[in-house]
Structure formats: structure tokens, C-alpha cells
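Undergrad: Sequence first, predicted coordinates after that:
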Amino acid sequence: MRDKTQTNSAAPGDRLIRAGAIVFFAGAVATLVTIAPLLLGTTPFPTYMFGLSMLMGVGFLVAGAGVLQSIAAGRRQARAGNQPS
């Protein structure tokens, strides 16, 4: 019997994981850009630029929330399939 899920269907939490990955990598780039002047000996960026480095943590938390949402959906689906009729 074929699986009922379609190949292009998104599981719960997939969007959060993708968004978290994008935010994380944006934070990683901001961190590299912010730290580069310190290593090169040039004038450092203003303090608010260091706040952009916090996007790495925010992205990690968003992706983690997506993983937890995906796990919860999988558990709900497993419980629904294992209930006696």
C-alpha cells in the first residue's frame, strides 16, 4: 500500500526549521562582518551591529521550536494510528 503523504507536502514544523536556518545563517554572516574589523585593526562597527550577531541564537531557537513541533505532530500521528478500534 502506498504512503498517504505526498512527496511535496510539508510536515508540521518544516517552515519554522527553514526560517530558523535562514535567520541563523544571517546571524552568522553578521557575526563575521562585525568581528572582521576587530581582527583587521580597522574602526569597529557601532554597538548595535553586535546585536545582529544575536540572530544566530534566535535562529537556533526558531529551528528548535520547529523540531519540537515536528516531534509533537509525529507523536500525535502515532497515537492516532495505534488506538484500538
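TA: Good, I have the coordinates.
Undergrad: Quote the end-to-end distance of stretch 36-49.
TA: Length of stretch 36-49, first residue to last, C-alpha to C-alpha, to the nearest Å: 12 Å.
Undergrad: What of stretch 46-60?
TA: 24 Å.
Undergrad: how far does it sit from the chain's center?
TA: When C-alpha coordinates are averaged (C-alpha atoms, centre = their mean, to the nearest Å), stretch 46-60 and its chain have centres 15 Å apart.
Undergrad: do the same with stretch 47-64
TA: For stretch 47-64, the distance to the chain centre is 11 Å (C-alpha atoms, centre = their mean).
Undergrad: What lies in contact with that stretch?
TA: By C-beta atoms under 8 Å, 6 or more residues apart in numbering, the residues outside stretch 47-64 that reach it are 16-17, 19-28, 30-31, 33-34. Every C-beta, even on glycine, is put in place using the N, C-alpha and C of the backbone.
Undergrad: Could you do stretch 18-34 as well?
TA: 45, 49-50, 52-66.
Undergrad: Surely A73 touches D14?
TA: No - at 10.1 Å, A73 and D14 do not qualify as touching, with contact defined as C-beta atoms under 8 Å.
Undergrad: C-terminal to the lowest-mean-pLDDT helix or strand in the chain, what's the next element?
TA: Using mean pLDDT, DSSP states H and E, helix 47-52 stands out as the lowest-scoring helix or strand of the chain, at a mean of 84. Downstream of helix 47-52, the first helix or strand assigned by DSSP states H and E is helix 55-81.
Undergrad: Now that following helix: buried residues?
TA: For helix 55-81, a neighbour-count test (16 or more other C-beta atoms under 10 Å) marks 55-56, 59, 62-63, 66, 69-70 as buried.
Undergrad: residues contacting G74?
TA: So G74 contacts nothing (C-beta under 8 Å, 6+ apart).
Undergrad: Next, T43: phi, psi?
TA: phi -70, psi 130 (degrees, to the nearest 10).
Undergrad: Can you tell me the element P12 falls in?
TA: Per DSSP H and E: nothing holds P12, as it lies in no helix or strand.
Undergrad: What does the pLDDT read for it?
TA: You'll see P12 listed with a pLDDT of 81.
Undergrad: Check the gap between the nearest residue to T34 once chain neighbours are set aside and V29 for me.
TA: Nearest non-adjacent residue to T34, counting by C-beta to C-beta, 6 or more residues apart in numbering: M49, 5.0 Å away. Computed with C-beta to C-beta, to the nearest Å, the distance linking M49 and V29 is 12 Å.
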